[in-house]
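J.: Need the 3D shape of this:
(one chain, ligands or ions: 1)
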Amino acid sequence: MKNILSAIQPTGDLHIGNYFGAVQNWVRLQQEYHCTYGVVDYHSMTMPYKAEQLRENTWKMVFYLLACGVKPENLFVQSLVPEHVELTWILSCVTSYGELSRMTQFKDKTDQLKETDKEAFVSSGLFIYPVLMAADILIYHADYVPVGKDQEQHLELSRNVAQRFNNQFGKEYFRHPEPLYTETPKILSPADPSRKMSKSLGEKHYINLFGEEERVRKQIKSAVTDTGDTPAGQMSPGVQNLFEILRACGQTDAYNALMTDYQAGALRYADLKETVADALAALTSAFRERLHTLNADKRAVKAQIQESSAAIRKRTQQTLREVREIVGLLPIK
Ligand code: TRP
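T.: Okay, here's the model as predicted:
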């Protein structure tokens, strides 16, 4: 069975863009592959953060993923597997300064920091973040990595690092991980459909997967439909987004019926919005319910993830034993 590895940063809320764009796919892939999924808290230390908040968000993300259907035995918390960091160091020694300097996300994030504060602190952790990501992937000998297009460059770096390691030490040790791009809907911000749904834009720009029904309905109701700058005869991005959400919710019949109305010029946006709001309300209420069940015994869930992380850690310890031997470090007795 092929290995799949993917990971998500503990950023607080999980929105429907994250769900339809990634997590739903992760859940499905579990049927066909040997999947390992991480909540990568070490990654979240690369940007300014608060210690207590990080710990809280890490557990939050674990609970969200479980509520979405990620199997507990497939899930680990990155910092419970410190071998990721050891491998990062080793791989950083076969990664060049030049290739890291070409990472566009590093430039984007640096700009983002400097935007709010010209003197902002840019950590070297942010700079070597792609090496940590390569370690996440290579440590499990992943064959496939489901990622969004924004991570393409990082994944390519992982492949280059694997190859350089293999060449340098004269051994085909690491596998070459391939990206797994699946058709996933691209969900836009309801408040500004010219941009992708994202938490960093602010609260009105994303729909929380575990949000209260009232709020979800309100957000759809006030979603921007026509901005006035869409050429005649074209569907505006806001309306497209509502259709996209409807289809993502699996409401094909409603989608087709409303699309027919649209094409006949007879669609009332209020009807579209109501259908989308109903679909999302049904979806989110199921998620809220599962989260509620998990929250009823938080301690048991946390113990379960400590255990699964420990089991997953065993695999990484085997990798590190082999890697240490290959690179000339001493065996740990
Ligand atoms: N860098 C990814 C992101 O910000 C998260 C991530 C960390 C990841 N390690 C990974 C994704 C390994 C895939 C595989 O979205």
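J.: Spatially nearest residue to T110, not counting backbone neighbours?
T.: V122 (5.3 Å; CB to CB, 6 or more residues apart in numbering). Heads up, the C-betas are built off the backbone N, CA and C, glycines and all.
J.: I figured the one you found hits L113, correct?
T.: Yes. Using CB atoms under 8 Å, V122 is in contact with L113, at 6.1 Å.
J.: between these two, who's got more neighbours?
T.: More crowded of V122 and L113, by other CB atoms under 10 Å: L113, with 18 against 14.
J.: mind checking the SS state of that one?
T.: Following DSSP: H, G, I helix; E, B strand; the rest coil, L113 is assigned to helix.
J.: Going along the chain, name the helices of the chain.
T.: For the chain, applying DSSP state H gives helices covering 16-18, 24-29, 51-68, 83-92, 97-101, 104-116, 124-138, 152-169, 213-221, 237-248, 252-263, 269-296, 298-327.
J.: number of nearby residues for V224?
T.: 18.
J.: need the residues of this structure near the ligand, please.
T.: Proximity of the chain to the ligand (CB under 6 Å from any ligand atom) is limited to residues L5, S6, A7, Q9, V40, H43, M133, D136, I137, V145, V147, Q151.
J.: go again using 5 Å as the cut-off
T.: Where the chain comes near the ligand, counting by CB under 5 Å from any ligand atom, the residues are S6, A7, V40, M133, D136.
J.: Among those, which one is most surrounded by other residues?
T.: D136 (26 neighbours).
J.: so how far is V85 from it?
T.: Noted for D136: a distance of 10 Å to V85, by CB to CB, to the nearest Å.
J.: any idea how far the closest residue in space to G211 that isn't next to it in sequence is from Y19?
T.: Leaving aside its sequence neighbours, G211 sits nearest to T284 (CB to CB, 6+ apart; 6.2 Å). Counting by CB to CB, the gap from T284 to Y19 is 10 Å.
J.: sorry, back to before: number of nearby residues for the residue nearest to G211?
T.: 22.
J.: Identify the residues contacting it.
T.: Residues counted as contacts of T284 (CB atoms under 8 Å, 6 or more residues apart in numbering) are N208, L209, F210, G211, E213, V216.
J.: got it, and P185?
T.: F20, G21, E244, I245, R247, A248.
J.: Which pLDDT value does the model give the closest residue to the fourth one other than its chain neighbours?
T.: Which is I245. Nearest residue to I245 in three dimensions, chain neighbours excluded: V276, at 5.5 Å (CB to CB, 6+ apart). With respect to pLDDT, V276 has a value of 98.
J.: V301 too?
T.: 98.
J.: Can you give me the neighbour number for it?
T.: If we define neighbours as other CB under 10 Å, then V301 has 18 of them.
J.: isn't it right next to L294, touching?
T.: Yes. Between V301 and L294 there is a contact at 5.4 Å, judged by CB under 8 Å.
J.: Taking the chain, what residue is nearest to the ligand?
T.: Nearest residue of the chain to the ligand, counting by CB to the nearest ligand atom: A7, 3.6 Å away.
J.: Which residue is the nearest non-sequential neighbour of that residue?
T.: Nearest to A7 is G38, by CB to CB, 6+ apart, at 3.9 Å.
J.: check contacts around that neighbour.
T.: Per CB under 8 Å, 6+ apart, neighbours of G38: L5, S6, A7, I8, L75, F76, V77, Q78, V81, D136.
J.: Identify the bridge partners of the nearest residue to the fifth one once chain neighbours are set aside.
T.: For L75, ignoring the flanking residues on the chain, the nearest one in space by CB to CB, 6+ apart is Y37 at 5.3 Å. Going by DSSP bridges, Y37 is paired in beta bridges with S6, L75.
J.: Report the contact partners of Y37.
T.: With CB under 8 Å, 6+ apart, Y37 has these contacts: L5, S6, A7, I8, W26, L65, V70, N74, L75, F76.
J.: Using a markdown table, lay out the helices of the chain together with distance to E178.
T.: Listed next are the helices of the chain as a markdown table, based on distance: least, CB to CB, whole Å:
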| stretch | distance to E178 |
| --- | --- |
| helix 16-18 | 22 |
| helix 24-29 | 14 |
| helix 51-68 | 23 |
| helix 83-92 | 18 |
| helix 97-101 | 19 |
| helix 104-116 | 20 |
| helix 124-138 | 10 |
| helix 152-169 | 8 |
| helix 213-221 | 36 |
| helix 237-248 | 25 |
| helix 252-263 | 31 |
| helix 269-296 | 31 |
| helix 298-327 | 19 |
